[in-house]
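A.B. asks: structure of the sequence below:
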Amino acid sequence: KQRVAANPDTEIEVIGHTDNVGNGNDNYYLGLEYARQVRWYLVKKGNLDRKKIRAISKGEEDPIDTNQTVRGRNANRRIEIVFN
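C.D. replies: Okay, here's the model as predicted:
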């Protein structure tokens, strides 16, 4: 919140990611739902302007680890927050 207050032109991008278990289309929407929940939290609890926060999903398309192990799938199910 302090960073956004100090830089009023800052925009935030909340990106939802999933593992590759299941249908790719379902995973896209699951990642989007996760990102929207984080956006809601930032707006309600962080008192940030909703118009400055964009929720998107990359679904299973941008893994950071292998989907062949439980550890890797857990790492791929994540939220990234990018300040622009």
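A.B. asks: pretty sure Asn27 sits in a strand.
C.D. replies: No: using DSSP: H, G, I helix; E, B strand; the rest coil, the assignment for Asn27 is helix, not a strand.
A.B. asks: contact partners for it?
C.D. replies: By C-beta atoms under 8 Å, 6 or more residues apart in numbering, the contact set of Asn27 is 18-21, 59-60. The C-beta positions use only the backbone N, C-alpha and C, and glycine is treated the same way.
A.B. asks: please indicate which of those are buried?
C.D. replies: 18-20, 59-60 (16 or more other C-beta atoms under 10 Å).
A.B. asks: which two among these are spaced furthest apart?
C.D. replies: Asp19 and Gly59 (9.7 Å; C-beta to C-beta).
A.B. asks: kindly state the beta-bridge partners for Gly16.
C.D. replies: For Gly16, the beta-bridge assignment (DSSP bridges) gives partners Ser57, Ile79.
A.B. asks: need phi/psi at Arg50.
C.D. replies: Note on Arg50: its backbone torsions stand at phi -60, psi -30 [degrees, to the nearest 10].
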